[in-house]
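Trainee: coords please:
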Amino acid sequence: MAADSRGCIYGTGDHATLPLAYYDSACKIFQLKQFIISIGGASGIGQKYYSEIINSFNKIEFQDTSLINTFRAFLNYMDKHYPVALFPERKSNKFLLGGYVNGIPQIMAIDSSRELIRFEGTLTSDSASHRYFETNNAKPQLSIVDLIEQTIYDYAKGEKKEYLVGGPISFVLIKSNNEIVWLKNNFSQNNYREPTEFYKAVEQGRIQMHYLVPDGKKKLFMQVEQ
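Mentor: Alright, predicted model coming up:
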């Protein structure tokens, strides 16, 4: 499983607008029960980041060996605690869930209609990326890591989403026992428990922000103070 590391900061819950800023050290791959989940779109809901939301979900008693049942339970948990009506930023999220079930690799996704899609082969959070993958797949000199990396960058440029998608690409290997091994760019230690911790790191220069609007830094910290 692979994910880019570009995290965007918005001034409102409307993620269809231009973000105030972005940074390139966001972790988007997490352990969800015994499976692995990758999250696109909003990095958090309300005042909580997905790392904390997933940690809370992982502590509930629910446990199922099925990929689809685990995914459904997670969605039900989100709908109960973070309903879309109150947290519209959820509309920008796309999820990929992967792992082994009875020794067989499976991957699933949620599309825009919230249907669960089980898939065998290669699955991406946006079908528009497939043509970039096919183009790069015809280049035999590319390793699988280079192939995925180049596809993500080509997709961002070709679809004019460079401010949304980019940064170092993280790679995780999922073993048959659902153990994960970080192959490249492990940003899992960059998870912050709450926004105050994150913005303190920004203020201290531990996170490099790239501002996209005039007076972006000022607007960013005005939002924090509010």
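Trainee: buried ones in the one helix or strand T151 maps to?
Mentor: Here T151, judged by DSSP states H and E, is contained in helix 144-158. Buried residues in helix 144-158, counted by 16 or more other C-beta atoms under 10 Å: I148, E149, Q150, T151, I152, Y153, D154, Y155, A156. From N, CA and C alone the C-beta is placed, and that goes for glycine too.
Trainee: max pairwise distance over these: which two?
Mentor: Using C-beta to C-beta, the buried residues of helix 144-158 reach their maximum pairwise distance at I148 and A156, which is 12.9 Å.
Trainee: give the ranges of residues in the chain that sit below the confidence cut-off.
Mentor: The chain contains residues with pLDDT under 70 at 13-15, 112-113, 120, 224-226.
Trainee: quick test: name the residue nearest the centre of it.
Mentor: I39 (2.6 Å; C-alpha atoms, centre = their mean).
Trainee: residues in contact with it?
Mentor: Contact partners of I39, counting by C-beta atoms under 8 Å, 6 or more residues apart in numbering, are A3, K28, F30, Y50, N93, K94, F95.
Trainee: so which of these wins on neighbours?
Mentor: Among the contacts of I39, A3 has the most neighbours (other C-beta atoms under 10 Å), with 25 neighbours.
Trainee: measure it to Q204 for me?
Mentor: The gap separating A3 from Q204 is 26 Å, by C-beta to C-beta, to the nearest Å.
Trainee: cool, and Y211?
Mentor: 17 Å.
Trainee: compare those two (neighbour count), which wins?
Mentor: Y211 (16 against 8).
Trainee: how deep is the residue lying closest to the more buried one once chain neighbours are set aside tucked in, by neighbour count?
Mentor: Of all residues not flanking Y211 in the chain, A21 sits nearest, at 4.6 Å (C-beta to C-beta, 6 or more residues apart in numbering). Neighbourhood size, A21 [other C-beta under 10 Å]: 20.
Trainee: who are the contact partners of A21?
Mentor: C8, I9, M209, H210, Y211, L212, V213, G216, K217, L220.
Trainee: quick check: beta-bridge partners of it?
Mentor: Beta-bridge partners recorded for A21 (DSSP bridges): I9, Y211.
Trainee: how far away is it from V172?
Mentor: A21 is 27 Å from V172, by C-beta to C-beta.
Trainee: likewise for G40?
Mentor: Distance of G40 to V172, given as C-beta to C-beta: 15 Å.
Trainee: tell me where the chain has helices.
Mentor: 50-59, 67-81, 130-137, 144-158, 195-203, 216-225 (DSSP state H).
Trainee: tabulate those helices in JSON lines, adding columns for distance to T17.
Mentor: JSON lines is the format used below for those (distance: least, C-beta to C-beta, whole Å):
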{"stretch": "helix 50-59", "distance to T17": "21"}
{"stretch": "helix 67-81", "distance to T17": "23"}
{"stretch": "helix 130-137", "distance to T17": "25"}
{"stretch": "helix 144-158", "distance to T17": "18"}
{"stretch": "helix 195-203", "distance to T17": "19"}
{"stretch": "helix 216-225", "distance to T17": "13"}
